[in-house]
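1. Based on what follows, work out the 3D shape:
(one chain, ligands or ions: 2)
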Amino acid sequence: MPVRRLPSAPALPHPAPPPRSARSSVRLGPSLGERRRRRRGVAAMASGDARVAQIASSIRVIPDFPKPGIMFQDITTLLLDPKAFRDTIDLFVERYKDKGITVVAGVEARGFIFGPPIALAIGAKFVPLRKPKKLPGAVIAEEYSLEYGTDKIEMHVGAVDANDRALVVDDLIATGGTLCAAVNLLERVGAKVVECACVIELHELKGRDRLGDRPVFILVKAD
Ligand SMILES: O=P(O)(O)OC[C@H]1O[C@H](OP(=O)(O)OP(=O)(O)O)[C@H](O)[C@@H]1O
Ligand SMILES: Nc1ncnc2[nH]cnc12
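-> Ligands and ions are numbered 1, 2, ... in the order given. Model prediction:
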């Protein structure tokens with residue numbers, strides 16, 4: 001299998017930060033990490049938590065994938081960095097552990113990476129929202145449009161009910177179509193959607209607008 005070379009994508013994008021003592025206390029313009037993130041199309045969301053900057057710098061951006069013009073936010077490099085991965089899960093768990101959430105719904109495929117560890121840590125069940133024809137039982141389905149195409153997600157009937165308080169987890173919000181479809185599935189069975197949580201927001205695509213007043217929590221904003 002030929003290996004595709006990605007000149008703009010570093011193999012190991014996690015240079016160790018300099019020791020605190022080596023950093024200047026006076027900032028003349030953006031930090032080196034911030035300049036790197038901006039060059040690569042990723043900006044840390046101003047959350048005030050130091051862990052977010054490291055998470056942002058661990059995400060690789062691949063231009064023109066899967067189509068020309070798309071800046072693909074690749075979270076697989078975040079997964080290569082155990083500290084960044086753990087910090088990502090911890091930040092979500094810290095936010096949701098006392099919110100009475102009974103179900104974490106993860107969207108295929110990348111919501112299956114972040115959703116289950118959050119669900120286990122907060123003592124909630126995990127429900128996979130899957131692409132069509134993958135779930136064996138009776139399902140309800142929602143169609144939606146994407147930044148690069150259309151798709152559908154399905155949920156098992158009976159997995160979630162009107163007594164549930166739900167958290168929807170995915171890696172990224174772009175146009176908001178996927179999260180909107182996920183929220184619709186949960187609300188159709190009467191669940192209360194407490195919040196949607198994503199690692200990355202492509203804020204220029206205004207996905208939040210599509211979700212109306214449903215709250216979305218994100219760690220990293222990308223251009
Ligand atoms: O906000 P939206 O415009 O709906 O886009 C966001 C969705 O797009 C990506 O998944 P994708 O559909 O590429 O599927 P995959 O995770 O199976 O590759 C991403 O993981 C989100 O689920
Ligand atoms: N730019 C992007 N990067 C990664 N996943 C996406 N899903 C939709 N747009 C995306």
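2. Tell me the residues on this protein that lie near ligand 2, please.
-> Within the chain, the positions near ligand 2 by CB under 6 Å from any ligand atom are Ile70, Met71, Phe72, Gln73, Glu147, Leu172, Ala174, Leu202. C-beta coordinates here come from the backbone N, C-alpha and C atoms, glycine included.
3. if you set the cut-off to 5 Å instead, what comes out?
-> Phe72, Gln73, Glu147, Leu172, Ala174 (CB under 5 Å from any ligand atom).
4. For the second one, give its distance to Pro63.
-> As defined by CB to CB, to the nearest Å, Gln73 lies at a distance of 11 Å from Pro63.
5. higher neighbour count, these two?
-> Gln73 (25 against 15; other CB atoms under 10 Å).
6. Please identify which helix or strand holds the more buried one.
-> Element membership for Gln73 (DSSP states H and E) is strand 71-74.
7. repeat for Pro128
-> Counting by DSSP H and E, Pro128 is found in strand 125-129.
8. Quickly run through the sheet partners of that strand, with directions.
-> Paired strands of strand 125-129, with direction, are strand 103-107 (parallel) (DSSP bridges).
9. what mean pLDDT does the helix or strand following the strand it pairs with have?
-> Next helix or strand after strand 103-107 toward the C-terminus (DSSP H and E): helix 111-122. The average pLDDT for helix 111-122 rounds to 99.
10. Quick check: buried residues in helix 111-122?
-> Buried residues in helix 111-122, defined by neighbour count with 16 or more other CB atoms under 10 Å: Gly111, Phe112, Ile113, Phe114, Gly115, Pro116, Pro117, Ile118, Ala119, Ala121, Ile122.
11. By mean pLDDT, which helix or strand of the chain comes out lowest?
-> For the chain, using mean pLDDT, DSSP states H and E, the weakest element among its helices and strands is strand 42-44, scoring a mean of 43.
12. next structured bit after that one?
-> Once the chain leaves strand 42-44, the next helix or strand it forms, by DSSP H and E, is helix 50-57.
13. For that following helix, could you pull out the residues that count as buried?
-> Neighbour-count burial for helix 50-57, counted by 16+ other CB under 10 Å, picks out Arg51, Val52, Ala53, Gln54, Ile55, Ala56, Ser57.
14. from the chain's centre, how far out does it sit?
-> Centroid separation for helix 50-57 versus its chain: 14 Å, with CA atoms, centre = their mean, to the nearest Å.
15. quick check: mean pLDDT across it?
-> Mean pLDDT, helix 50-57: 96.
16. which helices and strands does it pack with?
-> With contacts taken as 3 or more CB pairs under 8 Å, 6 or more residues apart in numbering; DSSP states H and E, helix 50-57 sits against helix 32-39, strand 42-44, helix 82-96, strand 216-222.
17. Many thanks, we can stop here.
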